[in-house]
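Chemist: Test case, fold it:
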Amino acid sequence: MSLVALEGIRFFAHHGYYEEEHVLGGEFVLDVYVSTETKMAFKLDDLYFKEDNVEFKAGVNYETLYLFCQAEIKKPAKLLETIAHRIVERIKAHFDNVSGVKVRVKKIAPPLGGRVDCAFVEVSEGKI
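Modeler: Next up is the predicted model:
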């Protein structure tokens, strides 16, 4: 089993439980970890292969992971949990060769009335 990951994906977005967070926006940092088998990708040096004219995924494309995060962070949400679960579900629906997914969504400097580096939610499904 192998781990394909993206760490420190940065976005500016308008998420939060309070209305002012939706107006002002803030910085979010995402980390994505996907557990998958990579032997076929290694042997072929490719992410895809065909068998009987049917295309199969041999690996996990981290550009696709980034694009999923980008698309989901653009959708309005009150909770970090919502964003993280949407990304996990999207990855699981797209890649049939994953055994586990973990997504961490951090909100940098959340408006809590004092100095806080970040707040985060981490969601995982399957074996990482």
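Chemist: Now do the SS call for the residue nearest the centre of the chain.
Modeler: By Cα atoms, centre = their mean, the chain has its centre lying nearest to Val32, at 4.4 Å. Following DSSP: H, G, I helix; E, B strand; the rest coil, Val32 is assigned to strand.
Chemist: List the residues that contact it.
Modeler: Val32 is in contact with 5-7, 9, 65, 69, 87, 91, 101-104, counting by Cβ atoms under 8 Å, 6 or more residues apart in numbering. Just so you know, the C-beta spots here come from the backbone N, C-alpha and C atoms, and that holds for glycine as well.
Chemist: if you set the cut-off to 6 Å instead, what comes out?
Modeler: Val32 makes contacts with 6, 65, 103, as judged by Cβ atoms under 6 Å, 6 or more residues apart in numbering.
Chemist: Could you list which of those residues belong to helices?
Modeler: Judged by DSSP state H, helices contain the following of these: Leu65.
Chemist: nearest to Ala58, of the contacts of Val32?
Modeler: Lowest distance from Ala58 to the contacts of Val32 (Cβ to Cβ) belongs to Leu65, with 15.6 Å.
Chemist: Go ahead and measure how far the helix ranked longest in the chain is from the middle of the chain.
Modeler: In the chain, taking DSSP H as the definition, the longest helix is helix 80-94. The chain centroid and the centroid of helix 80-94 are separated by 7 Å, computed with Cα atoms, centre = their mean, to the nearest Å.
Chemist: And stretch 76-83, by the same measure?
Modeler: Here stretch 76-83 is found 13 Å from its chain centre; the criterion is Cα atoms, centre = their mean.
Chemist: for stretch 23-34, same thing?
Modeler: Averaging C-alpha positions (Cα atoms, centre = their mean) puts stretch 23-34 10 Å from its chain's average.
Chemist: before we move on, the earlier item: ok, residues contacting the longest helix of the chain?
Modeler: The contact list for helix 80-94 (Cβ under 6 Å, 6+ apart) reads 68-69, 72, 77, 101, 103, 105, 121, 123, 125.
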